[in-house]
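A.B. asks: Need coordinates for the below:
(3 chains, ligands or ions: 1)
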Amino acid sequence: MKRLSKVGFFGFFLTLLFFGLIVLNSEEIPKAQLPVITTSAGQSPDVTTVNIICEEAGVMYDYCDVVTPEMLKDGVGLGDRKSAPGFHVEVHTDLNKFPKGTPYKTIIIAIGASLKGMGASGLTVETELERLKKVINYCKKNGIFIIGVHIGGSSKRGAPGSDNERMIDAVAPYADYLIVTTDSNKDGRFTEIAKEKGIPLTEVKYALEVVDIFKKVFGTK
Amino acid sequence: MSHEWKIKSIIIILIIFIMIAGGIPLYKHRHFNITIVAGPGVTKVVKLSEYCKSLKGTMADTNVFILEGKKEGGKALIMANTHSNEPASLLTALIFVENAIVEKGTLIIIPQFNNSGGRNTRPGDGYPLYFEIQTDWGKKKFRMGNREASPLDQWPDPDVYIHYPDRQLLSFIDIRNTNRTWPGRPDGPLMERVCYAAMEIMRSEKVDIAIDLHGAETMFPVTNCIVAPEKSMRIATLTSLTVKAMEGFENHVEPSPEGFRGLSHREIGDYSDTMPFLLEAPVPFLDQPTGPKTMDLLLNGKDPFLLSLSKQGKLFVPYDETGWPMRKRVGQHCSVILELFRQFSRKFSDKAIIVRNVPRYAEVVKNGVGHYYHDPKKADKKRIYYN
Amino acid sequence: MYFKIGIILAVMVIAYALAKWRRLSVELSIFTSAIAGGLVGAIFGNPPFNQLARHLVEGSFTYLDVILIFSTATIFMAIVSESGSVNYVVRIIIKYFYNKRIIALLLLMIIILIPGALTGAGSVSLLVVGAPVALALNYLGIPKRKVAAILFIVAGLSAAAPPVNIWAMILCAGTAIPYVGFELPLGIPVLLLGSFTVLLLGWKKEGKMTLKEALKEIPEVPPRMRWWRVLLPFLVFFGLVAMYRIWPFSTPILGLPLEFTISALIAFLISPKKINILILSRDTIKKLLPLLATMVVVGMLQQIMTATGVRGLLSFAVISTPLILLFISLAFIIPVSEGILTYGGAAVIGIPLVWYFDSIGLHATVVMAGLSLLWPLGDGLPPTALIGRLSVMVSEYKESYWTFLKSTWIPWIVITIVGILMVVFSAKLSFLVQWSM
Ligand SMILES: [Zn+2]
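C.D. replies: Presented below is the predicted three-dimensional model:
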């Protein structure tokens, strides 16, 4: 009995992998380059998940939850800024390969609104949107590749005009590549945006699959 | 005897009758013992007071089951009944105690962490005194306890609880709450000593990960999740992502707030090298807007009021006509614990913790919780523990 | 299930009404209601018949600690009063501030606020300083009805005032939030609303008593009475409370009942007048018995209501209310829940409300502060009317309870509006929490 269920478990795992491969093959996966910085759109904890997915994929990154164009300008190392309450900085980029000050080539934005998260950083929906607009403008001007990620599922979606949808509006249409989970894209909103703007989109069933996608995107092992 | 005194005497006799009729079940509840059959993996059973002498002889002392593996590896501590009205935790811990075989590493399990709370009731909240789990050999009976330790064991409460050592002010009720009295001290109030003893286990045995099992209301935003501080975040997140992908249940990660003291997921991390995790499974029974507080509600979690609130979008977990049966909650706890071990072992392969013979989510949902408890009548008497 | 629970609720209400109609006391009426609800519940299967006695006994212990605090605080104050200290203080306030009415009124307000703020119980304020303050207010030419109204409102505010607010603590423990940041969100409204109330109700001097006549009216003080004899018992009490705050890890936890008992013992020992402590305690408890009995039977009622699902139904009805309507109906829901369940209302309705408000972006701490301005108002509402009845008792107001309650209407409405606005605009007021820390 026990053995059987273990076999079943393994079988399930294989099926998952199989479907995962289909998903991966069905869409063109764009390539992106290091160094990379991660940030949040809406300050939900999903950005932590994205960071951990990066680590699992062997993608070394810099992180600031409330990054600004000024900080992006400082490049790798984020100008040695220190974390403070409501302001988090992490530098994991391989400094041997990319010394401090190297301009970023890619930004990964985890989309998902959390009033609590924004409150902790002293932000409102409006100031957060304002920040994102500036960051995206800067990236467009400086050729930084924008990857928009939405893995929060239905809990990070809402009625049109709600905080979560406004965060999506602020990022998704301007991204160079979108990665979303099936739960996040139940209503096909991301598919629509991708089609309209011609953005490559990868839909995964589970957030865990993003590990393999990041490996492909950044060519890590 | 005057007329007035006749009436008074009748009332006094009536009151004495109610007091006896109502008091006896409460007394019996406090002194009822749950039978635990130590499984094949249990190598040692000690008392918590071995780690804090001042607990000896108090109602707060409790059994600590130690399962040493065949090979050395990492060490994990599992605590259940930190809140004794969240019974999925105890049921999960007992599945581990009665079944787990440790291949590598060591498991330390405290199934009734707040033993005094487990022998307490919750005045005003109308709980049943016991609940029963159907097993393959009959029904297994458990005490339903309370969130806080019994005032019979720790009393009086101060006007406000000042947390040791941070001096943060907490509700006076929380001085008897073993998820507010971490990290504790050896000469503090009884519940601080309970937490201190557990801290001593973690420090002296060099425990790598500590898992505190809980349950929470469906209306509580922090439910159906793993609460983890920064240092446990990576393993918690990978666990959450993996169980979702592999086993199909939701269990998101919540960061442990830095400004809220006394909680296990905060203080264990700050006062030892151990990585803490707190697991929450939904307990519809604990929600305020429910029908009668029955054993059925406790075990199956079906309630029409909550169903209606769910449709209004006021619950923080998915909820439908099927409720939240105990087998789902216990199954989640089992799988999340095993997955935490696996993720930890992946990252620290020299300190791997490998446990087998513990069911995962799908198996518990299929076979029921009781399937994993052994018949004390057929067990070796020396392997039976009462608490 | 709705139907069954609805029937149980109806039976409980009818049983209470019938008991009142047969002129049973509040306590016996609540008890009748609890028994009736339990029996009908048992017919439907919840709680089982054989558990009914257990539920009643268990429920009766719900407020044991509150009962002990009430009893010891009252005996403490009875001794202080018997020793002549009360008259001594009243004499001094009247003597020095008779013609400085605003100062006198504000001073008396602060005196009522302190014991309740320190213990979290408005009842303690009334039991400890209610009688002398009521006397002083009388001598200032305020009629008994208005004196009772002032005592009721200010004692209620004292319970909400920091540092100890029991409603907020029940909510903090129930919703998993630390008990911090309440100083300003509670302190500022309490002081403003308290000042408003005493000045509004106490402004007009009625009657033509002169200072000389007033001083003559106040009972004589024992000749050996001195300042230190008045102050020492209070210093001991406040000292014991402060000691735990200052040295929390080396001070043994005594608990408020023992702290009051120790202070009572001191007051007894230094009294200039010989006091028969046994007779005094007996008489005090006799006077207090209706309130103590209320706390016992309300615990039973709450237990039966939960075991039958009635409590859940009420909580469900509140949580299901649409948001805007909910904000408005807080004005009724919160006080009424307090009137029926006393502190139990904070758990039953408060916990789910705070989580819900938190999830829609309101600030939990400020929400709790706002709500805890509304709860004390319910202490004037039947069936329990704890603080209302005490206010009437200590002010020796003898007429209809409703006339007394009606005279609180202006402060009542102002407090309600302030409380609800604090809830609605809690996110904007969250700076008060930050400044408190
Ligand atoms: Zn818990």
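A.B. asks: so how far is B:His163 from B:Cys60?
C.D. replies: Small correction: residue B:60 is Ala, not Cys. Taking CB to CB, to the nearest Å as the measure, B:Ala60 falls 19 Å from B:His163. Backbone N, C-alpha and C define where each C-beta goes, glycine included.
A.B. asks: who's more crowded, those two?
C.D. replies: Higher neighbour count among B:Ala60 and B:His163: B:Ala60, with 27 against 23, using other CB atoms under 10 Å in any protein chain shown.
A.B. asks: who touches that one in this structure?
C.D. replies: B:Leu48, B:Asn114, B:Asn115, B:Ser116, B:Ala149, B:Asp153, B:Gln154, B:Leu190, B:Met191, B:Arg193, B:Val194 (CB atoms under 8 Å, 6 or more residues apart in numbering or on different chains).
A.B. asks: The helix or strand where the last one lies and chain C in contact?
C.D. replies: This points to B:Val194. When elements are assigned from DSSP states H and E, B:Val194 belongs to helix B:190-204. No - Helix B:190-204 stays clear of chain C (CB under 8 Å from any CB of the partner chain), getting no nearer than 9.7 Å.
A.B. asks: Would you mark the buried spots in that helix?
C.D. replies: Neighbour-count burial for helix B:190-204 flags B:190-202 (criterion: 16 or more other CB atoms under 10 Å in any protein chain shown).
A.B. asks: which one of these sits closest to C:Leu269?
C.D. replies: Closest to C:Leu269 out of these is B:Leu190 (33.1 Å), distances taken as CB to CB.
A.B. asks: quick one: B:Ile162 from C:Met169, how far?
C.D. replies: B:Ile162 is 13 Å from C:Met169, by CB to CB.
A.B. asks: In the stretch 151-300 of chain C, what residue comes closest to chain A?
C.D. replies: C:Ile177 (12.4 Å; CB to the nearest CB).
A.B. asks: swap in chain B?
C.D. replies: For chain B, CB to the nearest CB, closest residue to chain A: B:Ala245, 3.6 Å.
A.B. asks: Same check on chain C?
C.D. replies: C:Gly361 (4.4 Å).
A.B. asks: Near C:Ile415, how many other residues are there?
C.D. replies: So C:Ile415, with other CB under 10 Å, has 27 neighbours.
A.B. asks: Can you check what angle separates the one helix or strand B:Leu278 maps to from helix B:190-204?
C.D. replies: For B:Leu278, the host element (DSSP H and E) is strand B:275-282. Interaxial angle, strand B:275-282 versus helix B:190-204 (axes from the mean of the first three to the mean of the last three CA atoms, to 10 degrees): 130 degrees.
A.B. asks: Mind pulling up the pLDDT for B:Thr178?
C.D. replies: The score at B:Thr178 is 98. That number is its pLDDT.
A.B. asks: wait, C:Ser123
C.D. replies: In this model, C:Ser123 carries a pLDDT of 88.
A.B. asks: Please report phi then psi for it.
C.D. replies: phi -60, psi -40 (degrees, to the nearest 10).
A.B. asks: what about it, distance to B:Ala216?
C.D. replies: 33 Å.
A.B. asks: Tell me which of those two has more neighbours.
C.D. replies: More crowded of C:Ser123 and B:Ala216, by other CB under 10 Å: C:Ser123, with 28 against 23.
A.B. asks: My read is that B:Glu258 contacts B:Arg266, right?
C.D. replies: Yes - when contacts are counted by CB atoms under 8 Å, B:Glu258 is listed as touching B:Arg266 (7.5 Å).
A.B. asks: Who has more neighbours out of these two?
C.D. replies: Higher neighbour count among B:Glu258 and B:Arg266: B:Arg266, with 23 against 11, using other CB under 10 Å.
A.B. asks: Secondary structure element for the more buried one, which one?
C.D. replies: Going by DSSP H and E, B:Arg266 is part of helix B:264-271.
A.B. asks: Also A:Ile193?
C.D. replies: helix A:189-197.
A.B. asks: what sits against the residue in the stretch 301-437 of chain C positioned nearest to the ion?
C.D. replies: Of all residues in the stretch 301-437 of chain C, the one sitting closest to the ion is C:Ile351 (14.0 Å; CB to the ion). By CB under 8 Å, 6+ apart, the contact set of C:Ile351 is B:Gln288, C:Leu171, C:Gly174, C:Thr175.
A.B. asks: switch the cut-off to 10 Å
C.D. replies: B:217, B:219-220, B:286-288, C:170-171, C:173-176, C:315 (CB atoms under 10 Å, 6 or more residues apart in numbering or on different chains).
A.B. asks: how about it, secondary structure?
C.D. replies: helix (DSSP: H, G, I helix; E, B strand; the rest coil).
A.B. asks: What of B:Glu72?
C.D. replies: B:Glu72 ends up strand, using three-state DSSP.
A.B. asks: okay, now it: neighbour count?
C.D. replies: So B:Glu72, with other CB under 10 Å, has 13 neighbours.
A.B. asks: just wondering, since we're on it, how far is it from chain C?
C.D. replies: 38 Å (CB to the nearest CB, to the nearest Å).
A.B. asks: right, and that residue touches B:Asp350 too?
C.D. replies: Yes - B:Glu72 lies in contact with B:Asp350 (CB atoms under 10 Å); the separation is 9.4 Å.
A.B. asks: Find residues that contact each of the two.
C.D. replies: Counting by CB under 10 Å, 6+ apart, nothing touches both B:Glu72 and B:Asp350.
A.B. asks: what's the farthest-apart pair in the buried residues of helix B:190-204?
C.D. replies: Between any two of the buried residues of helix B:190-204 (CB to CB), the greatest distance is 19.4 Å, for B:Leu190 and B:Met202.
A.B. asks: Return the residues of chain A in contact with chain C.
C.D. replies: Contacts of chain A with chain C, taken as CB under 10 Å from any CB of the partner chain, map to A:Leu115, A:Lys116, A:Met118, A:Gly119, A:Thr124, A:Val125, A:Asp163.
A.B. asks: list the contacts for the last one?
C.D. replies: Contact criterion CB under 10 Å, 6+ apart gives A:42, A:44, A:112-115, A:118, A:124-125, A:128-129, A:156, C:361 as the residues in contact with A:Asp163.
A.B. asks: Go through those residues and flag which are in helices.
C.D. replies: Among the contacts of A:Asp163, the ones falling in helices (DSSP state H) are A:Leu115, A:Met118, A:Val125, A:Glu128, A:Leu129.
A.B. asks: Can you pull the residues that touch both of B:Glu258 and B:Arg266?
C.D. replies: The contact lists of B:Glu258 and B:Arg266 share B:Pro229, where a contact means CB under 10 Å, 6+ apart.
A.B. asks: Which residue lies closest in space to C:Leu429, excluding its sequence neighbours?
C.D. replies: C:Val366 (4.9 Å; CB to CB, 6 or more residues apart in numbering or on different chains).
A.B. asks: Name the helix or strand for that neighbour, please.
C.D. replies: Here C:Val366 is assigned to helix C:364-378, by DSSP H and E.
A.B. asks: per-residue confidence averaged over that helix?
C.D. replies: Helix C:364-378 comes out at a mean pLDDT of 96.
A.B. asks: Could you see whether chain B lies near whichever helix or strand comes after that helix?
C.D. replies: For helix C:364-378, the following helix or strand on the C-terminal side (DSSP H and E) is helix C:386-395. No - remark: helix C:386-395 sits outside contact range of chain B, by CB under 10 Å from any CB, the gap being at least 16.2 Å.
A.B. asks: Using PDB, list the CA coordinates for helix C:386-395.
C.D. replies: Provided in PDB are the C-alpha atoms of helix C:386-395 (Å, rounded to 0.1, in the frame of the first residue of the first chain):
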ATOM      1  CA  LEU C 386     -22.700  47.100  35.300                       C
ATOM      2  CA  ILE C 387     -21.300  50.600  35.400                       C
ATOM      3  CA  GLY C 388     -24.700  52.300  35.100                       C
ATOM      4  CA  ARG C 389     -26.000  50.600  38.200                       C
ATOM      5  CA  LEU C 390     -22.700  51.300  40.100                       C
ATOM      6  CA  SER C 391     -22.900  55.000  39.200                       C
ATOM      7  CA  VAL C 392     -26.400  55.200  40.500                       C
ATOM      8  CA  MET C 393     -25.300  53.300  43.600                       C
ATOM      9  CA  VAL C 394     -22.300  55.500  44.600                       C
ATOM     10  CA  SER C 395     -24.000  58.800  43.700                       C
END
